[in-house]
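Asker: output the structure for:
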Amino acid sequence: MTFKRSFTLTFLTALCILTAFGAGYAARMYQDSRAAAFPVLDEAYTILHDNAYDPLPTAPAIEYGMVRGMLQAYGDPHTSFLEPPQAELESQSLQGSFGGIGVEMRYDQEGNPVLYPFPDGPAKKAGIQDGDRLLRVDTFEVTPQTPLDTIQAAIRGPVGEAVTIAIGRPPDYAPIEFSVKREEIGLPSTTWYIEASEPRLGVIRINVIASTTPAEIQRAVDDLKSRGVTAFALDLRDNGGGLLDAGIDVARLFLKDGVVIEQQYRGESVKTYRVEQPGPLADIPLAILVNQNTASACEIIAGALKIQERAPLIGIPTYGKDTIQLVFKLQDGSSMHVTAAKWWVPGLEPPLAGIGLQPDIVIPPDAAGPDPYIAAAIQALFGK
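Answerer: This is a model prediction of the structure:
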């Protein structure tokens, strides 16, 4: 029995050693084969290492430069690399939260920044109303020349601390002060308001295409209808897209039937996304606002509605991005966005790639007025 146990232990130990050796040998062979695939790169690095007068950068810096060079040679503008700090910032932005008071800011017809509080947000609870003109943040005076990002930076701050907001309310715009305690604000994908110059028009602005976007749009329509709105403008301007499936579901909200898009990954068959049943918003009067920064999942929405003549596109040609990226997180926290598939709207002419969606109603670059896109939507929907 002692001999058998000893033999068994010896055998298992030898097996573990051989297995570890085999794994190490296989990994080494894999690395050598990879190195052999890039002999010039290996040679160039050796020359630089052995002969360069100045010290070489750290290993990560050299690796990142190699990765960027590889992606540059690959030549796809949407396949990209982010170093760990940038990758972390991107991840945080997708989480979408900050210490703030929960407002969207826009400019009124005189160019003054005005506030539209989020439903149930701290600004709304404090008494700030849609269309209040922002005059001051604490001691910081706000003018029509103050950039919106500067105003946002002044309003945002640590969660739990109060900020003093001075507003002017129509019709006399006499200053009114509110003390609003900052809360952790989830960046909503969708905001909405009633257009001041045409109270029958509700404007639904999509900031990013997120998984919550379809439900938020439905909520926006219900809220605006309850306040007398009869027609809607879906504002996709300056929206670079987001989640593919959410974009498809948004398009389905407004369609009764038909195909939304088709897509194809490398080496796979074409997949078709259809409207399975009439959408709950398929009959509401609708216009879509687009510009040169409307891209990706937003172009899915606009393209699907355009091809089925569901709503006029108002603005200028969109970005023209018909690809899908997968995000891979690397071992050191950096990330790569890799173009892995293409999509298209069947029957759309001309094709999207490179030139973007062509609007039905073109807004000239020199169009006058505070927001010629909204004015065009009012004309298209109400004939005025």
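Asker: isn't Ser378 right next to Ala196, touching?
Answerer: Actually, residue 378 is Ile rather than Ser. No - using CB atoms under 8 Å as the test, Ile378 is too far from Ala196 to be in contact (11.4 Å). In this view, the C-beta of every residue, glycine as well, is placed from N, C-alpha and C.
Asker: what about the two, which has more around it?
Answerer: The neighbour count for Ile378 versus Ala196, taken as other CB atoms under 10 Å, is higher for Ile378 (19 against 14).
Asker: mind listing what that one touches?
Answerer: If a contact means CB atoms under 8 Å, 6 or more residues apart in numbering, then Ile378 has 195, 197-198, 201, 384 as its contacts.
Asker: quick one, helices of this structure?
Answerer: 2-37, 39-51, 59-74, 84-95, 122-126, 148-155, 213-226, 244-254, 297-307, 372-382 (DSSP state H).
Asker: how far away from the center of its chain is the fifth one?
Answerer: Averaged C-alpha coordinates place helix 122-126 at 26 Å from its chain's average position (CA atoms, centre = their mean, to the nearest Å).
Asker: tell me the buried residues in it?
Answerer: 122-124, 126 (16 or more other CB atoms under 10 Å).
Asker: do the last one as well
Answerer: If you call a residue buried by 16+ other CB under 10 Å, then helix 372-382 has these buried ones: 372-378, 380-381.
Asker: what's the answer for the third one, then?
Answerer: Judged by neighbour count using 16+ other CB under 10 Å, the buried positions of helix 59-74 are 64, 71.
Asker: I'd like the average pLDDT over it.
Answerer: On average, the pLDDT along helix 59-74 is 91.
Asker: which residues touch that helix?
Answerer: With CB under 8 Å, 6+ apart, helix 59-74 has contacts from 41, 45, 56-57, 79-81, 83, 332, 334, 336.
Asker: helix 39-51 and that one, what's the angle between them?
Answerer: Per axes from the mean of the first three to the mean of the last three CA atoms, to 10 degrees, the angle that helix 59-74 makes with helix 39-51 is 150 degrees.
Asker: try the last one
Answerer: Relative orientation of helix 372-382 versus helix 39-51 (the same axes, to 10 degrees): 150 degrees.
Asker: quick one: Gly279 from Val203, how far?
Answerer: 20 Å (CB to CB, to the nearest Å).
Asker: the two: who's more crowded?
Answerer: Using other CB under 10 Å, the more surrounded residue of Gly279 and Val203 is Val203, with 25 against 21.
Asker: bridging residues for that one?
Answerer: Tyr193, Ala233 (DSSP bridges).
Asker: before we move on, what about Thr323?
Answerer: With DSSP bridges applied, Thr323 shows beta-bridge pairing to Lys342.
Asker: please report how far it lies from Ala353.
Answerer: Distance from Thr323 to Ala353, by CB to CB: 8 Å.
Asker: the two: which is more packed in?
Answerer: Between Thr323 and Ala353, counting by other CB under 10 Å, Thr323 is the more crowded of the two (16 against 12).
Asker: residues in contact with that one?
Answerer: 76, 78, 339, 341-343.
Asker: again, but for Ile316
Answerer: By CB under 8 Å, 6+ apart, the residues touching Ile316 are 290-292, 359, 362-363, 365.
Asker: quick check: phi and psi at it.
Answerer: Here is the backbone geometry of Ile316 (degrees, to the nearest 10): phi -130, psi 170.
Asker: again, but for Ser296
Answerer: Ser296 has phi and psi values of phi 60, psi -120 when expressed as degrees, to the nearest 10.
Asker: so it is in contact with Gly240, correct?
Answerer: Yes - between Ser296 and Gly240 there is a contact at 6.2 Å, judged by CB under 8 Å.
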